[in-house]
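Chemist: Any chance you could fold what I've pasted below:
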Amino acid sequence: SSGINAEYGGVMPPKKGKAKGKKGKKAVPLGETPDNLEEEQRLAAEREAARIALEEEAEARRKEREAMEEMMKAEAERFENETQALQNTLNENKNSLREIREQIRSQKIWDRFLLCNGTPDPTVQSELNTFTSLSIDETKSSTSQDVNACLGDVEQALDLINELEEVMTLDKQLDIKDGHDKFKEGIDSLQELIETKVDNVTFNVMKTAEKFADPDSLNLLIEKESPRVKFSLWGNLAKNPRQKSFQLETDDFQMEIPKTLANADVAVRLIHTSFDFLSPKCRSFYSQKKKTPAPSRAASVAKASAEDLPPQPSATTPIPEEPATETEVPVEANNDNLNVEEKRPATPSEVDDIDDEDVVDLRAMSTVGGVMYLDLLKLPPQAKKVGNWVIQDITESQLERIPNPTPEEEKEENEEQKEGEEGEAAITQLTKELTWPLLNMSFSVASNAVFTEEPQLARWEDSQQCWRTDGFEDVNFDESTGQISFKSQFIGPICTFQDTYNNMPFQSWEIRPFGPGCVIFTLIAASVELEISIKENLCCLNSPEDIELDGIRNKWLPAHILMQKLVAAGINVFPSEDADKYVSISVKDEELEASVYEQMALSSSAFAFSWSRWNADCGEKRQIVRAAENLTTHPVDEDMWKNYSCEPRKSYSLKCTDDDDEMFDEKVEGTQFHPDLFHCLKEGATTEALDVLAKTSYTFVDTVSTWLFATKVLTFS
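Modeler: The predicted structure follows:
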């Protein structure tokens with residue numbers, strides 16, 4: 001036994017019988033029970049299952065992320081394709097317009113070269129200078145008394161001025177500026193020629209005034225007119241002290257004759273022109289906004305002359321503005337997610353204020369009905385017949401205007417003037433300091449002028465180069481007859497003004513298709529409702545019908561010509577670049593606004609657009625416009641309109657309508673986001689509408705965009 005114990009290290013080996021009795025039972029580690037082991041196995045299985053689930057979830061997320069990336073990549077590619085497609089369309093239109101304008105310009109040059117009507121080519125400086133200088137010299141030495149021939153020469157000079165302005169308008173659309181300074185000098189020389197011709201024929205008539213004496217009053221009386229000028233001349237030949245006033249058929253003009261003038265050798269000339277050469281001389285005629293860099297755009301900017309209304313811009317450009325100033329255009333906007341400088345909000349226009357309240361601010365007021373040039377002239381000595389001889393004093397060789405009395409002279413006249421003053425004394429005063437009291441005058445406003453309020457009377461102050469409203473008393477306007485009566489000591493150019501922005505902001509607007517290549521543009525302003533048909537490159541004013549606009553209504557004209565005629569008639573619905581100083585508007589991103597106008601013009605042949613009540617309050621970097629597909633000539637049903645939200649980088653169809661009580665920003669289900677309004681509209685368009693859009697003429701698009709840019713309906717409604 002000791003040997004066995006030694007073999008097992010002093011420990012007895014297990015008995016064979018007992019070992020057999022424990023057969024079939026698993027050994028359990030020290031300190032653990034079978035229940036603990038099963039729990040550990042269960043936990044291990046759960047951990048393995050969790051690991052597998054995490055791996056599967058991670059794989060799912062990876063696949064989802066890859067799918068999202070693929071979708072975002074596809075969306076970005078779609079956005080890029082749509083943006084590029086729109087850009088290509090705009091560029092194609094721009095290039096096509098440029099080509100046709102270059103062709104028109106070349107054709108005009110060729111037609112002018114072939115024209116043989118005795119007039120010079122005003123664009124050729126040497127020809128125009130020769131024509132004007134020779135005409136002025138010839139006129140000064142002329143003894144012609146033919147007023148009709150003189151007015152014919154005036155019309156010819158006006159045609160040359162219009163020709164130069166048309167050339168400058170077309171050049172600016174083509175970004176051509178060469179020679180425009182010379183053109184403006186040519187316009188100045190033609191205006192001087194007009195004044196010289198009118199003054200010369202007036203003086204020649206007055207030298208032998210008896211030949212033109214009225215048989216009833218025995219006073220000089222001539223009244224002639226041409227399409228753009230009315231000429232009237234009255235001369236005091238009879239010196240009848242009982243004649244208290246005289247009246248002209250021209251504008252029903254009537255003027256009181258005071259005693260100081262009744263006994264004097266004087267004449268009164270009235271020239272009423274439909275144009276205004278004086279206002280462009282005023283400092284306030286031009287806006288004075290701060291110059292800021294203009295953002296780059298796909299379209300070229302064609303600016304118009306400040307003397308007239310803006311001409312037609314291209315289909316991809318904003319409406320032209322005045323020269324010598326630049327529009328306050330903010331910095332180009334970008335998406336909010338991009339860390340770049342945002343567009344600066346448009347601020348109230350920084351235009352110099354006019355300190356003198358009597359000076360007319362031509363940024364806020366506009367002439368209506370043309371200008372009346374009223375002159376008091378010295379009647380030259382008349383010829384006397386002695387036997388077989390006719391004797392006439394010829395010491396005076398040119399027209400002599402009698403200046404207006406100063407207030408001091410008026411005071412002296414009131415103190416020293418005596419009744420029964422002799423005619424010789426009046427002649428002495430005439431050559432020195434002829435004065436007169438306040439004169440009763442009246443005239444009728446132009447029948448084709450629209451006054452939505454009482455017109456403001458103003459006189460031209462040549463020493464200050466401005467229009468002034470002082471110097472008038474007891475001004476009265478009879479709306480039923482259109483007669484203005486007043487008292488004034490002033491004799492000189494007179495004009496009627498009214499508020500430039502009396503029709504702004506607009507109440508609503510709509511533009512809808514009206515047959516192939518034609519739309520109807522309706523603008524409901526504060527005091528007038530306009531309906532204009534637009535077809536290709538021409539426009540026609542359909543209404544209002546209750547206003548005397550016979551010279552404009554139902555006539556097809558180029559857009560910029562119709563705009564000029566509307567403004568001249570007193571209907572101004574074209575805000576200038578500094579209009580925010582005079583009209584309360586909602587500030588909008590200018591580049592976004594211009595982009596929406598471009599896309600509306602592109603879509604207008606198949607889609608109608610209208611004012612949305614939510615646009616004014618939706619923010620600076622957002623435009624909301626109503627649109628609906630319309631391939632008929634009928635107005636759009638109210639339930640067909642949809643609101644579209646346009647932002648610098650995103651456009652989409654809104655679920656909110658104008659009939660909802662509150663604005664809520666929710667995209668229509670089943671529609672996509674797009675980079676622009678144009679593709680938003682195409683998403684839900686019918687095949688017929690897409691075909692119409694594809695066939696739309698670029699000249700039509702250009703004309704529609706001209707009206708949208710000119711009226712700025714998105715901002716001023």
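
Chemist: from here on, contacts and neighbour counts on C-alpha atoms
Modeler: Fine.

Chemist: Just list the residues touching F183, thanks.
Modeler: Applying CA atoms under 8 Å, 6 or more residues apart in numbering, one finds that F183 lies in contact with P122, T123, Q125, L164, M168.

Chemist: Could I get the pLDDT score of the third one?
Modeler: This points to Q125. The predicted local distance difference test score for Q125 is 90.

Chemist: Could you list which residues are in contact with it?
Modeler: Contacts of Q125 (CA under 8 Å, 6+ apart): K182, F183, G186.

Chemist: any idea how far it lies from I104?
Modeler: Distance of Q125 to I104, given as CA to CA, to the nearest Å: 21 Å.

Chemist: ok, back up a step: with distance to S651 added, can I get the contacts of Q125 in a markdown table?
Modeler: Below are the contacts of Q125 laid out as a markdown table (distance: CA to CA, whole Å):
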| residue | distance to S651 |
| --- | --- |
| K182 | 47 |
| F183 | 45 |
| G186 | 49 |
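
Chemist: Adding distance to P380 and pLDDT, write the residues you listed out as CSV.
Modeler: Conversion of the contacts of Q125 to CSV gives the following (distance: CA to CA, whole Å; pLDDT from 0 to 100):
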residue, distance to P380, pLDDT
K182, 38, 91
F183, 38, 91
G186, 33, 93
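
Chemist: S603 against F678, yeah?
Modeler: Yes: counting by CA atoms under 8 Å, S603 touches F678, with 6.8 Å between them.

Chemist: tell me, how many neighbours does the closest residue to V450 other than its chain neighbours end up with?
Modeler: Nearest residue to V450 in three dimensions, chain neighbours excluded: G570, at 5.0 Å (CA to CA, 6 or more residues apart in numbering). When neighbours are counted by other CA atoms under 10 Å, G570 registers 22.

Chemist: can you tell me which residues contact G570?
Modeler: T367, V368, G369, A449, V450, F451, Q498.

Chemist: So it versus F486, what's the distance?
Modeler: 22 Å.

Chemist: quick revisit: same list, the contacts of Q125, but as JSON lines with secondary structure and distance to T143 please.
Modeler: Below are the contacts of Q125 laid out as JSON lines (DSSP: H, G, I helix; E, B strand; the rest coil; distance: CA to CA, whole Å):
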{"residue": "K182", "secondary structure": "helix", "distance to T143": "32"}
{"residue": "F183", "secondary structure": "helix", "distance to T143": "31"}
{"residue": "G186", "secondary structure": "helix", "distance to T143": "26"}
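
Chemist: Pick out whichever of those residues sits closest to W509.
Modeler: Comparing the contacts of Q125 against W509 with CA to CA places F183 closest, at 38.3 Å.

Chemist: thinking T500 is in contact with D361, fair?
Modeler: No: counting by CA under 8 Å, T500 stays clear of D361, with 10.2 Å between them.

Chemist: pLDDT wise, what is K259 at?
Modeler: 86.

Chemist: Can you get me a residue count around the closest residue to M168 other than its chain neighbours?
Modeler: Distances taken as CA to CA, 6+ apart put H180 closest to M168, at 6.7 Å, once the chain neighbours are dropped. Residue neighbour count, defined by other CA under 10 Å, stands at 17 for H180.

Chemist: what do you get for the one 4 residues further on?
Modeler: For K184, the neighbour count with other CA under 10 Å is 15.

Chemist: That one in helix, strand or coil?
Modeler: Three-state call for K184 (DSSP: H, G, I helix; E, B strand; the rest coil): helix.

Chemist: ok, which stretches of the protein are helices?
Modeler: Along the chain, counting by DSSP state H, helices occupy 2-7, 16-21, 34-114, 125-140, 147-173, 180-207, 259-262, 407-416, 423-431, 559-568, 590-603, 677-683, 687-694, 698-711.

Chemist: Including distance to E225, could the ones you listed go into TSV?
Modeler: As requested, these are exported to TSV (distance: least, CA to CA, whole Å):
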stretch	distance to E225
helix 2-7	152
helix 16-21	144
helix 34-114	28
helix 125-140	20
helix 147-173	7
helix 180-207	12
helix 259-262	27
helix 407-416	35
helix 423-431	30
helix 559-568	19
helix 590-603	42
helix 677-683	52
helix 687-694	49
helix 698-711	34
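
Chemist: I'd like to know which of the ones you listed is closest to A458.
Modeler: helix 559-568 (16.7 Å).

Chemist: Remind me what that closest one packs against, helices and strands.
Modeler: strand 365-378, strand 538-543, helix 698-711 (3 or more CA pairs under 8 Å, 6 or more residues apart in numbering; DSSP states H and E).

Chemist: Show me where this protein dips below the pLDDT cut-off.
Modeler: Residues of the chain that meet the criterion pLDDT under 70 lie in 1-34, 288-353, 395-396, 407-433, 550.

Chemist: do that again at 50, thanks
Modeler: Applying pLDDT under 50 to the chain flags residues 1-6, 8-9, 17-22, 290-351, 409-410, 413, 418-420, 422-431.

Chemist: Let me know whether F212 touches L221 as I believe.
Modeler: Yes: with contact defined as CA under 8 Å, F212 counts as touching L221 (6.3 Å).

Chemist: Pull the most distant pair out of the contacts of F183.
Modeler: Using CA to CA, the pair of these lying farthest apart is Q125 and M168, separated by 14.2 Å.

Chemist: close enough to count as contact, K565 and K555?
Modeler: No: between K565 and K555 there is no contact under CA under 8 Å: 11.3 Å.

Chemist: Pairing partners for the closest residue to F253 other than its chain neighbours in the sheet, please.
Modeler: Once flanking residues are discounted, F253 sits nearest to F443: 4.3 Å by CA to CA, 6+ apart. Counting by DSSP bridges, F443 is bridged to I484.

Chemist: T143 contacts N204, doesn't it?
Modeler: Yes: the criterion here is CA under 8 Å, and T143 meets it with N204 at 5.9 Å.

Chemist: of these two, who's got more company?
Modeler: Counted by other CA under 10 Å, T143 and N204 do not tie: N204 has more neighbours, with 20 against 14.

Chemist: still on that earlier bit, so which of the helices of the chain comes closest to R269?
Modeler: Checking these against R269 by CA to CA gives helix 180-207 as the closest, at 8.4 Å.

Chemist: Any buried residues in that closest one, and which?
Modeler: The neighbour-count check on helix 180-207 (16 or more other CA atoms under 10 Å) flags 180, 183, 186-187, 189-191, 193-194, 196-207 as buried.

Chemist: E138 versus M68, what's the distance?
Modeler: M68 is 84 Å from E138, by CA to CA.

Chemist: can you check L457 too?
Modeler: L457 is 37 Å from E138, by CA to CA.

Chemist: Neighbour count: these two, which is higher?
Modeler: Between L457 and E138, L457 has the larger neighbour count (other CA under 10 Å), namely 21 against 12.

Chemist: Spit out the contact partners of the more buried one.
Modeler: So L457 contacts T469, I494, C495, T496, F497 (CA under 8 Å, 6+ apart).

Chemist: What count of nearby residues applies to the fourth one?
Modeler: In other words, T496. For T496, the tally of surrounding residues (other CA under 10 Å) stands at 22.

Chemist: That one - nearest residue in space that isn't next to it in sequence?
Modeler: Leaving out its chain neighbours, the residue that sits closest to T496 by CA to CA, 6+ apart is L457, at 4.8 Å.

Chemist: Any figure for the gap between the one you found and G370?
Modeler: 12 Å.

Chemist: same deal with V625?
Modeler: Between V625 and G370 the distance, using CA to CA, works out to 38 Å.
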